[in-house]
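# Structure, please.
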Amino acid sequence: MDIEDQWVVLVREGISIAFYMRQPHDLMASAVLRALECYRQAISPRQPGWYVDYSGDWQPVDSEGESVVRQRLLAKSALIELIERPDSVTGVAFKYQGQSKAAAGFETEDRESNCALEFRLPIEFLDERGPEWIRALAIDLGRELPWNSGHAGLSIELGTWPRTLTPRLREVTRRHPGFDLNRLNKLALYLGTKLRPPAWLTFLGPPVLNELGGAEGLRSRLHSPSTQVESLSPDRAVVSLGPAPEAGDLEAGDTLPAYRELARVLEPWLYAHKGEWGDFTEAEVRQWERRFL
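Numbering: from 1, shown residues only. Model (predicted):
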């Protein structure tokens, strides 16, 4: 988009690595900080060099900015967003919303609140570093965190969501089901222990993996030759749907059958969002969430 003679990128393809945790932020702030440092080291020399302050303005992550980010991550609750550039989406970003124990949802029976974080990688990393490198990084990041679920795969990164973008987003998400749209603020409030739709990598932990009979029980239900189930601990596993993420193309008949098989297995635990999602209506959101079913 051209804004005052400056070319600004508002939307681009990329890779999203996200985890959702039922533990309150108070108990895992240090783990989130370690995961952020792991991410920074892995993507070097590129770095998320700007953070958004409480006024909504972008500030540089210089020595003072580093101190601010660390203090905010180690507080009782946290809302952090780091990006590579303040004027365009580039594929390098870190977002985290950490709910305190006192937040609504952690003390109630329905347990909807959780802590949610996302690491973004540029789409060009698929060629430059390869899908195996991305897979290894996602697992390394997950080792630092007490997640209940997570996913990694193709995703659309939005700097903002003006209505002019909605027709294009509808076209992409309906034709290419392998692309995700991740709205972290909504998921931190409402996801609980439910699951997002399957992605190239789907991370499953308690309680869902236990209810599936562990990694072995899950493995027995999946028959696609491209699907692998790897146990990461007694109650956590990652499902890999092929050697690399796929967008699919419904117009060309590429329906991503391995993704659909996993979706059918996980259907009882899939999240159903109530209300709008960005500029999508509730009906469009439901259609998109159930795109593999």
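# Near G278, how many other residues are there?
Using other C-beta atoms under 10 Å, the number of residues around G278 comes to 16. From N, CA and C alone the C-beta is placed, and that goes for glycine too.
# what do you get for the one 10 residues further on?
Summarising burial for W288: neighbours were counted as other C-beta under 10 Å, giving 19.
# Begin at 316 from now on, thanks
Will do, 316 is the new start, and the previous item becomes W603.
# Count residues in the vicinity of the residue nearest to it when sequence neighbours are not counted, would you?
Leaving aside its sequence neighbours, W603 sits nearest to T488 (C-beta to C-beta, 6 or more residues apart in numbering; 5.6 Å). Neighbour count for T488, taken as other C-beta under 10 Å: 19.
# got the contact list for T488?
I471, F494, L496, W603, R606 (C-beta atoms under 8 Å, 6 or more residues apart in numbering).
# What's the separation between it and L397?
Here the criterion is C-beta to C-beta, to the nearest Å. By it, T488 lies 26 Å from L397.
# now the helix or strand harbouring the residue nearest to W603: mean pLDDT?
For T488, the host element (DSSP states H and E) is helix 481-490. Helix 481-490 shows a mean pLDDT of 89.
# for stretch 505-521, which positions count as buried?
By 16 or more other C-beta atoms under 10 Å, the buried positions in stretch 505-521 come out as 505-521.
# Mark which of those residues are part of strands, please.
L516, T517, F518, L519 (DSSP state E).
# Poorly predicted segments of this protein, please.
Across the chain, the ranges flagged by pLDDT under 70 are 316-322, 417-426.
# Strands of that one, residue ranges please.
Shown for the chain, the strands assigned by DSSP E span residues 317-318, 321-322, 326-336, 365-367, 373-375, 393-398, 408-413, 430-437, 464-473, 516-519, 542-548, 551-556.
# For the closest residue in space to G563 that isn't next to it in sequence, give its distance to L585.
Using C-beta to C-beta, 6+ apart and skipping the chain neighbours, the partner closest in space to G563 is L571 (4.2 Å). The spacing between L571 and L585, counted by C-beta to C-beta, is 16 Å.
# got it, and S331?
From S331 to L585 the distance is 18 Å (C-beta to C-beta).
# the more surrounded of those two?
Taking other C-beta under 10 Å, S331 and L585 do not tie; S331 has more neighbours (26 against 16).
# Could you check how far the closest residue to the more buried one other than its chain neighbours is from Y586?
Closest residue to S331 apart from its sequence neighbours, by C-beta to C-beta, 6+ apart: S470 at 3.5 Å. Taking C-beta to C-beta as the measure, S470 falls 16 Å from Y586.
# before we move on, what about E439?
Taken as C-beta to C-beta, the span from E439 to Y586 is 30 Å.
# So between these two, which is more surrounded?
Y586 (18 against 12).
# next one: phi and psi at the more buried one?
phi -70, psi 140 (degrees, to the nearest 10).
# re the thing from before, output the strands of the chain as CSV; include the columns distance to R458.
Listed next are the strands of the chain as CSV, based on distance: least, C-beta to C-beta, whole Å:
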stretch, distance to R458
strand 317-318, 41
strand 321-322, 39
strand 326-336, 11
strand 365-367, 25
strand 373-375, 30
strand 393-398, 20
strand 408-413, 17
strand 430-437, 13
strand 464-473, 12
strand 516-519, 11
strand 542-548, 8
strand 551-556, 10
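# Mind checking these for the one nearest to V580?
V580 lies closest to strand 551-556 among these, at 9.4 Å (C-beta to C-beta).
# That closest one: which residues count as buried?
Buried residues in strand 551-556, counted by 16+ other C-beta under 10 Å: R551, A552, V553, V554, S555, L556.
# Show me which pair in those residues is furthest apart.
Those two in those that are separated most widely, counting by C-beta to C-beta, are R551 and L556, at 17.4 Å.
# Can you dump the C-alpha atoms of stretch 374-393 in PDB for me?
The C-alpha coordinates for stretch 374-393 follow below in PDB (Å, rounded to 0.1, in the frame of the first residue of the first chain):
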ATOM      1  CA  GLN A 374       9.800   2.300  20.400                       C
ATOM      2  CA  PRO A 375      13.300   0.900  19.500                       C
ATOM      3  CA  VAL A 376      14.600  -2.100  21.400                       C
ATOM      4  CA  ASP A 377      17.800  -0.400  22.400                       C
ATOM      5  CA  SER A 378      19.400  -0.900  25.900                       C
ATOM      6  CA  GLU A 379      16.500   1.000  27.500                       C
ATOM      7  CA  GLY A 380      13.900  -0.900  25.400                       C
ATOM      8  CA  GLU A 381      15.500  -4.200  26.300                       C
ATOM      9  CA  SER A 382      15.000  -3.300  30.000                       C
ATOM     10  CA  VAL A 383      11.400  -2.400  29.400                       C
ATOM     11  CA  VAL A 384      10.600  -5.600  27.500                       C
ATOM     12  CA  ARG A 385      12.200  -7.700  30.200                       C
ATOM     13  CA  GLN A 386      10.400  -5.900  33.000                       C
ATOM     14  CA  ARG A 387       7.100  -6.300  31.200                       C
ATOM     15  CA  LEU A 388       7.600 -10.000  30.600                       C
ATOM     16  CA  LEU A 389       8.500 -10.600  34.200                       C
ATOM     17  CA  ALA A 390       5.500  -8.700  35.600                       C
ATOM     18  CA  LYS A 391       2.400 -10.500  36.900                       C
ATOM     19  CA  SER A 392       0.700 -10.200  33.500                       C
ATOM     20  CA  ALA A 393       2.100  -9.200  30.200                       C
END
